[in-house]
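Chemist: Pasting the sequence and the predicted model now:
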Amino acid sequence: MNGKKILVLGGDGFCGWPTALHLSSLGHHVTILDNLSRRRIDLELGIRSLTPIEPIDIRVEAWEEVSGNRIDYAVIDIAREYQEFCDFLAELRPDTIVHFAEQRAAPYSMRGPKEKRYTVDNNLSATHNVLVALNDLGLDTHLVHLGTMGVYGYSGAGFELPEGYLPVEVTDDQGQRHKRDILYPTNPGSVYHLTKSLDQLLFQFYANNDKMRITDLHQGIVWGTQTDQTRRHPALVNRFDYDGEYGTVLNRFLVESAVGHPLTVHGTGGQTRAFINIQDTVRCVELAVNNPPAAGSPVKILNQVAETLRVKELAQLVSSITGAEIAYVPNPRKEAEENELNVSNRHLRALGLDPILLAAGLLDDTIEISSRYKDRINLDKIPARTAWNEDRSNALGGQENADTESGDDDPQGQQQCQKAA
Ligand code: NAD
Ligand code: USQ
């Protein structure tokens, strides 16, 4: 095999696992590194994937059985175990790193001080450690990072959102005009989205200072669950989150339909968001891996999205297929009631992406999974209960965000500020 040596950070997660299988099926030599924190957060929150996911060792064994391809894996926390990570990288010397290893739920990141600090500490240390380690070891590895559309914010730009950079022109005192491409001004809507905005500055610095080759994929909300590879064996099934913290909107609506729960549209449902199917996530990563930027070029930023839709349009589409009732519930998040969203995805299209668009027929697979495992659904975990601020908490009836058990992932232990009486 002439494939590349690819390290998938966060390869046990929802996007990372099918990406690792996809890249392995293409003949690349894939290694997964994950600290399994997402599985621990499941325990902390008392939730579990709708689909019964196997432990990582069983997953990779099943893959070898059906494909004949071996995927190695290592359990390391890249945010906290820098030396172990460096030693591992020095030995592996990957051509490409695909970096999914961050805490990715906006509601989880807004639960309280512990989760806010954990999300910032974990995500920024993880990303910075990858950059420092590669630089320290002098490796010319191409880093492909999964970022988010949410860095642009949802205030309705009034024009098509460019891919990462905004061309600006400034006139100085002498009347001379200066053209620049600057990072698009970020406007994150949660602490999680804030970490992705800060990641962008880390990338910009290291691409400029050390000529590191970096691609940042600004991905929209991923829907679906299975891919061509995860369907090949029951032990390869992908994770499917449906709970109020980690479940994303379309997958939640499909699960809600399966158990006869009304579709929980937040506020007016006028929020427009970008979507992409999981099968296209893995294809886009393949395209990014195959097309690295040259050393010394700016970070290559691609918008990884297929289409945009309003949340209420999604609910109507699901309801038209499943007959589910739609409920407009108070919005726990601080976000605009309505926004326009017009996004360029020219780069990935030019590289060959022909995205799957949401149409009734294409939901069948996810509807089938939702009803096949509906006995595993815990109805108590469906409502989204984490309020973004006091105003939103009042809108939900004045309840406080739930405490989570303090686990190993809380880097500062149980420290907390005492509120004045
Ligand atoms: P996920 O939580 O299912 O997977 C993330 C994986 O990273 C988990 O397996 C977790 O254990 C691991 N991880 C986290 N911190 C780590 C650390 N310090 N060291 C080692 N491993 C660590 O999330 P996902 O949905 O697969 O998302 C993957 C990436 O894609 C995230 O960075 C997310 O921001 C981005 N993204 C996801 C979506 C989506 O809709 N799911 C959309 C846009 C962008
Ligand atoms: N929403 C509902 N009802 C629900 C759940 C969500 O109306 O039951 C609404 C939310 O209020 C929000 C929209 O749907 O307006 C999207 O919410 P989401 O939970 O599906 O997605 P989000 O929190 O934005 O985060 C997800 C991933 C994150 C990724 C992001 C891409 O969890 O990792 O970065 O999508 S993006 O949204 O493009 O920034």
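Modeler: Cool, the structure landed. Since this is a predicted model, take the numbers as computed values, not measurements. Residues are numbered from 1 along each chain as shown. Ligands and ions are numbered 1, 2, ... in the order given.

Chemist: what sits against Ala133?
Modeler: Applying CB atoms under 8 Å, 6 or more residues apart in numbering, one finds that Ala133 lies in contact with 82, 85-86, 89. C-beta: built from backbone N, CA, C; applies to glycine.

Chemist: same question but for Thr308, I mixed them up
Modeler: 220, 272-275, 341-343.

Chemist: try 10 Å this time
Modeler: 149, 161, 220, 272-275, 339-343 (CB atoms under 10 Å, 6 or more residues apart in numbering).

Chemist: filter those to the buried ones?
Modeler: Among the contacts of Thr308, those classed as buried by neighbour count (16 or more other CB atoms under 10 Å) are 149, 161, 220, 272-275, 339, 341, 343.

Chemist: Determine the number of other residues adjacent to the nearest residue to Asp210 once chain neighbours are set aside.
Modeler: Leaving aside its sequence neighbours, Asp210 sits nearest to Asn135 (CB to CB, 6 or more residues apart in numbering; 5.1 Å). Close neighbours of Asn135, defined as other CB atoms under 10 Å, add up to 14.

Chemist: and Asn135, how far is that from His233?
Modeler: 39 Å (CB to CB, to the nearest Å).

Chemist: same check, this time on Asn2
Modeler: 26 Å.

Chemist: Helix or strand: which one has the residue nearest to Asp210?
Modeler: Assigned by DSSP states H and E, Asn135 belongs to helix 113-137.

Chemist: what pLDDT does the residue of the chain positioned farthest from its centre get?
Modeler: Distance to the chain centre peaks in the chain at Gln174, reaching 45.8 Å (criterion: CA atoms, centre = their mean). The model reports Gln174 with a pLDDT of 97.

Chemist: So for Asn2 and His233, which residue has more residues nearby?
Modeler: Higher neighbour count among Asn2 and His233: His233, with 16 against 6, using other CB under 10 Å.

Chemist: thought that one was touching Arg59?
Modeler: Yes - with contact defined as CB atoms under 10 Å, His233 reaches Arg59; the gap is 9.2 Å.

Chemist: which parts of the stretch 51-200 of the chain sit against ligand 1?
Modeler: Within the stretch 51-200 of the chain, the positions adjacent to ligand 1 are 77-79, 100-104, 122, 126, 146, 148 by CB under 6 Å from any ligand atom.

Chemist: Go again with 8 Å.
Modeler: Contact residues, the stretch 51-200 of the chain versus ligand 1 (CB under 8 Å from any ligand atom): 76-80, 99-105, 122-123, 125-126, 145-150, 192, 196.

Chemist: now whichever residue of the chain sits closest to ligand 2, what's its secondary structure?
Modeler: When scored by CB to the nearest ligand atom, the chain has Gly150 as its residue closest to ligand 2, at 2.8 Å. Secondary structure, DSSP: H, G, I helix; E, B strand; the rest coil: Gly150 is helix.

Chemist: Can you give me the end-to-end span of stretch 31-47?
Modeler: 28 Å (CA to CA, to the nearest Å).

Chemist: average model confidence for it?
Modeler: Here stretch 31-47 scores 98 as its mean pLDDT.

Chemist: For ligand 1, tell me whether that stretch is touching it.
Modeler: Yes - judged by CB under 8 Å from any ligand atom, stretch 31-47 comes into contact with ligand 1 at 33-41.

Chemist: the strands in the stretch 301-421 of the chain, which residues?
Modeler: In the stretch 301-421 of the chain, the strands defined using DSSP state E, counting those that start in this stretch lie at 307-310, 326-329.
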